[in-house]
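[1] Next come a sequence and a model predicted from it.
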Amino acid sequence: MASVYVSDQFRGDILAAVHNLGTGTYKAILLGTGYTPDPSHKFVSDVSAQEISGTGYASGYAGAGRKTISSPTVTIDTTNHYAYFTYTVATWTGINAGTIRYIGIWKPNTSDADSKIICIKQLDQDVVTTGVDFTYTVPATGEFQL
């Protein structure tokens, strides 16, 4: 089963009302097999060394590989007593950039050094990119629950 790592910084930011996940701009970053999850990672610069790079995925702060998520939604489940976060990510077309193990969601600011990580999700299985399209689908119960 895949794991989701919510950053410690994000936990504090939620209590301080820094983020509104239902609005604003958030992006997705793809990380390879060399990344080791660590909830103390605060900024994209803490993880960007493990970002994949190659055909169909240009890495880096302004790289076209980092996709803006659409339809960010926070849903409250009053039956099960939790809230969850869902979104849609565009498809990466013709990607041949190594093996993807994680997808991270982050809030862009002015650079990787001040762009905060929201969460990093380990995929159900590694995805070896071979020039085909890659689309990530958020689970129906959300990327993470609070």
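    Received, thanks.
[2] Ala49 in helix, strand or coil?
    Taken by DSSP: H, G, I helix; E, B strand; the rest coil, the conformation at Ala49 corresponds to helix.
[3] Please name the residues that touch it.
    When the contact criterion is CB atoms under 8 Å, 6 or more residues apart in numbering, Ala49 has no partners at all. Bear in mind the C-beta positions are built from the backbone N, C-alpha and C, glycine included.
[4] can you start the count at 21 instead of 1 from here on
    I'll keep to 21 as the first residue from here, and by that count the last item is Ala69.
[5] Work out the gap between the lengthiest strand in the chain and the centre of the chain.
    Counting residues, the longest strand in the chain under DSSP state E turns out to be strand 136-148. From the chain centre to the centre of strand 136-148 is a distance of 7 Å (CA atoms, centre = their mean, to the nearest Å).
[6] Now the element after it, going C-ward?
    strand 152-154 (DSSP states H and E).
[7] strands paired with that following strand, and their directions?
    strand 112-115 (antiparallel) (DSSP bridges).
[8] neighbours of Thr56, just the number please.
    Neighbourhood size, Thr56 [other CB atoms under 10 Å]: 10.
[9] Next up, identify which helix or strand it is on.
    Counting by DSSP H and E, Thr56 is part of no helix or strand.
[10] For Thr95, see how far away it is.
    31 Å (CB to CB, to the nearest Å).
[11] Now for the residue lying closest to Phe164 once chain neighbours are set aside: which residues touch it?
    Nearest residue to Phe164, sequence neighbours excluded (CB to CB, 6 or more residues apart in numbering): Val24, at 4.7 Å. Residues near Val24 by CB under 8 Å, 6+ apart: Cys139, Ile140, Lys141, Gln142, Glu163, Phe164.
[12] Run through the bridge partners of the third one.
    For Lys141, the beta-bridge partners are Val24, Ile123 (DSSP bridges).
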